[in-house]
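[1] Prediction below, plus the sequence it came from.
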Amino acid sequence: MSKCSIYERIFNRFDEDGDGKLSPSELRRFVETRVEELLMEEVQELVALEEFVQWVERDIRGAEERKMEELKEAYRMYEMDGSECITPKSLNRMLSGLGVSRNMEECSVMIRQFDVNGDGILSFDEFKLMVL
């Protein structure tokens, strides 16, 4: 199923009167379904499918950017020693701070499970693979 047809199905679900446009009340229902607030002046005109798709894609991009920032923040918590990577030592320190006791060899084994390039440490890209 193409991306456009998925958006069209979603659009049609909220286009209650089938006129090919979302009225302010139809758009408001979509926004409420998405559990977001929208200022009333932003929904004072009809919205066509193309505008709807652009709006949804902006929303998706924003969510993806927020998720990436959260991942970067989590990664920085684990790297701790300024090496810009997660080492067995930094993993051990973080786990200890969380009340989880692991020795250095166990931490090395944990890292090896996601260490794609085999260098014994986790880069941010390898961390993303582990988390996602």
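    That came through, no problem. Everything quoted here is computed from the prediction, not taken from an experiment.

[2] now stretch 61-74: how far from the chain's centre is it?
    Offset of stretch 61-74 from its chain centre (CA atoms, centre = their mean, to the nearest Å): 5 Å.

[3] what comes up buried for it?
    For stretch 61-74, the neighbour count (16 or more other CB atoms under 10 Å) marks no residue as buried. C-beta: built from backbone N, CA, C; applies to glycine.

[4] who does the lowest-mean-pLDDT helix or strand in the chain touch, helix- and strand-wise?
    Ranking every helix and strand in the chain by mean pLDDT, DSSP states H and E puts strand 47-48 at the bottom, with a mean of 74. Secondary-structure packing of strand 47-48 (3 or more CB pairs under 8 Å, 6 or more residues apart in numbering; DSSP states H and E): strand 21-22.

[5] strand partners of the strand it packs on, parallel vs antiparallel please.
    strand 47-48 (antiparallel) (DSSP bridges).

[6] quick one: contacts of the partner strand?
    Strand 47-48 is contacted from outside by 20, 21, 22, 27, 55, using CB atoms under 8 Å, 6 or more residues apart in numbering.

[7] Surely the third one and residue 52 touch.
    Yes: proximity of residue 22 to residue 52 meets the contact threshold set by CB atoms under 8 Å, at 6.2 Å.

[8] Spell out which residues are contacts of both of those two.
    Contacts common to residue 22 and residue 52, judged by CB under 8 Å, 6+ apart, are residue 11.

[9] ranges for the helices of the protein?
    For the chain, the helices defined by DSSP state H occupy 3-14, 24-33, 49-79, 88-97, 104-112, 124-131.
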